[in-house]
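K.L.:
Pasted the sequence and its predicted model underneath.
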Amino acid sequence: MNVLGVESSCDETAAAVVANGRQIISNVVNSQINIHKLYNGVVPEVAARSHLEVVIPVIDEAVQAAGGWDQIDAIANTTMPGLIGSLLIGSLSARMLAIVKNKPYYPVHHVEAHVYANFLGDKAPSFPFLSLIISGGHSQIVLFRDHGNYELIGQTADDAVGEAFDKVAKIIGLPYPGGPSIAEAAKNGDPHRFHFPKAHMHNKYDFSFSGLKTAVLREVQSTVGVDHTFPSTKLADKLDEQTRNDFAASFQQIACETLVDKLVMATNEFQPRSVVVAGGVAANQELRRQLIERLPIPINFPTPALCTDNAAMVASLGYFKAQRTTPTDPRHLEVIPSISMNQTIWNN
């Protein structure tokens with residue numbers, strides 16, 4: 001079964017065709033990173049306009065690379081969560097094509113789809129598994145008992161870890177997106193020069209990265225000899241390259257430790273057969289090193305190209321939904337900008 005996936009929840013316009021939830025036949029991603037670098041972050045209105053310009057050509061390229069519409073058996077599409085304008089562009093396009101081409105249609109949850117990047121290829125996770133889903137908008141631990149049968153056991157109370165990377169990068173003068181910039185700078189930094197705290201949460205599996213971001217800000221201000229009233233936007237000019245690298249390495253070290261600590265605790269309690277890491281921050285090599293060092297069970301990592309937003313993961317999830325659920329009428333559907341995975345369980 002070949003499923004066409006369409007993804008547009010944030011700033012990537014993507015379409016892909018995946019066979020049987022596992023084999024990528026085509027995978028097209030139009031990135032807006034260079035556009036949003038100008039603003040040091042994603043501007044929703046700009047993102048939606050860019051999706052509108054390229055969504056149909058991107059879908060057409062993916063379909064043609066798979067052999068044309070006769071080779072497409074179903075369409076899966078991200079309808080939640082995300083930026084409402086971006087979601088609408090992709091959803092309206094996918095739903096229109098489902099009607100015109102008479103294809104069954106399956107809406108999917110973007111964060112859940114990230115997990116399915118790990119089902120693409122030769123090896124798939126074994127149920128039950130714990131998934132650490134980490135990106136610019138989400139940091140959470142989810143226990144998967146089966147496809148569509150999961151429980152959210154921990155999440156961020158404020159900034160997601162990807163947001164923290166972006167904000168710290170801005171403070172110390174590294175370019176957007178912050179994750180890759182900090183990882184690169186950290187290669188030449190001392191991860192033990194600066195000591196930052198880990199947040200203690202009421203739910204032991206929840207995260208908080210807002211305090212860590214503030215701790216970095218205060219330490220930078222102290223290091224360059226200014227008080228807390230000094231504008232954060234002007235701090236980078238006062239840092240030399242080595243100090244900047246040391247801040248990057250020290251922040252990355254504690255951010256990764258925070259994630260790994262929680263996942264180790266959850267692994268000890270729930271005794272899963274495997275662990276799945278998903279989302280943009282899953283590409284971070286320091287995080288991978290710490291996880292491999294501290295977890296005694298198999299760990300599934302997506303390839304770097306599938307860590308960030310893509311449509312192959314959407315198509316993979318769509319396939320598994322198609323095996324267990326009936327299609328959704330594309331004429332009657334709304335996008336949902338914010339919704340927890342606990343509200344979208346589809347296989348009880």
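P.N.:
It's in. On a predicted model such as this, the values are computed, not experimentally measured, just so you know.
K.L.:
For Lys187, see how far away Val108 is.
P.N.:
Distance, Val108 to Lys187, by CB to CB, to the nearest Å: 36 Å. C-betas here are computed from N, CA, C, even on glycine.
K.L.:
When the two are compared, which one has more neighbours?
P.N.:
Val108 (26 against 12; other CB atoms under 10 Å).
K.L.:
Return the residues in contact with Leu143.
P.N.:
Neighbour list for Leu143: 128-131, 150-151, 153, 266, 270, 272 [criterion: CB atoms under 8 Å, 6 or more residues apart in numbering].
K.L.:
okay, which residue of the protein is out on the far edge from center?
P.N.:
What lies farthest from the middle of the chain is Gly225; by CA atoms, centre = their mean that is 36.4 Å.
K.L.:
Let me know the pLDDT of it.
P.N.:
Note on Gly225: pLDDT of 97.
K.L.:
Let me see the contact set for it.
P.N.:
Gly225 neighbours (CB under 8 Å, 6+ apart): Lys238.
K.L.:
So it versus Phe194, what's the distance?
P.N.:
For Gly225 relative to Phe194 (CB to CB), the value is 15 Å.
K.L.:
you'd agree Val28 is in a strand?
P.N.:
Yes. Counting by DSSP: H, G, I helix; E, B strand; the rest coil, Val28 is part of a strand.
K.L.:
Look at the residue nearest to Lys321 when sequence neighbours are not counted and tell me its secondary structure.
P.N.:
Spatial nearest neighbour of Lys321, chain neighbours left out: Tyr106 (4.9 Å); criterion: CB to CB, 6 or more residues apart in numbering. The three-state label given to Tyr106 by three-state DSSP is strand.
K.L.:
Pull the contacting residues for Tyr106.
P.N.:
Applying CB under 8 Å, 6+ apart, the residues near Tyr106 are 3, 74-77, 318, 321-322, 325, 327-328.
K.L.:
hmm, try it at 10 Å
P.N.:
3, 5, 74-77, 79, 94, 98, 314-315, 317-322, 325-328, 330, 346 (CB atoms under 10 Å, 6 or more residues apart in numbering).
K.L.:
What of Asp158?
P.N.:
So Asp158 contacts 139, 164, 199, 207-211, 213 (CB under 10 Å, 6+ apart).
K.L.:
Kindly report the same for Pro57.
P.N.:
13, 15, 28, 30.
K.L.:
Relative to Ala15, how far out is it?
P.N.:
From Pro57 over to Ala15 (counting by CB to CB), the distance is 9 Å.
K.L.:
So for these two, which residues contact both of them?
P.N.:
28, 30.
K.L.:
pLDDT score assigned to His138?
P.N.:
So His138 comes in at 87 (pLDDT).
K.L.:
That one - how many residues pack around it?
P.N.:
So His138, with other CB under 10 Å, has 22 neighbours.
K.L.:
Kindly state the domain boundaries assigned to the chain.
P.N.:
For the chain, automatic domain parsing gives the domain ranges 2-120+306-343, 129-300.
K.L.:
just the ones you listed: most buried one?
P.N.:
Stretch with highest mean neighbour count among the domains of the chain: domain 2-120+306-343 (a mean of 21; mean count of other CB atoms under 10 Å).
K.L.:
what's the average pLDDT for that domain?
P.N.:
pLDDT averaged over domain 2-120+306-343 gives 95.
K.L.:
next one: stretch 256-268
P.N.:
97.
K.L.:
now swap in stretch 193-201 and tell me
P.N.:
Mean predicted lDDT for stretch 193-201 stands at 95.
K.L.:
what does it contact?
P.N.:
With CB under 10 Å, 6+ apart as the test, stretch 193-201 has contacts from 154, 156-158, 206-216, 218-220, 222-223, 242-243, 245-247, 249-251, 253-255, 257-258, 261-262.
K.L.:
All the helices of the stretch 201-348 of the chain, residue numbers only.
P.N.:
210-224, 241-270, 285-294, 312-322 (DSSP state H, counting those that start in this stretch).
K.L.:
Pop out the phi and psi values for Leu143.
P.N.:
When read as degrees, to the nearest 10, the backbone of Leu143 gives phi -90, psi 120.
K.L.:
Nearest spatial neighbour of it, chain-adjacent residues omitted?
P.N.:
Counting by CB to CB, 6+ apart, Leu143 lies nearest to Glu151, which is 4.8 Å off, once chain neighbours are set aside.
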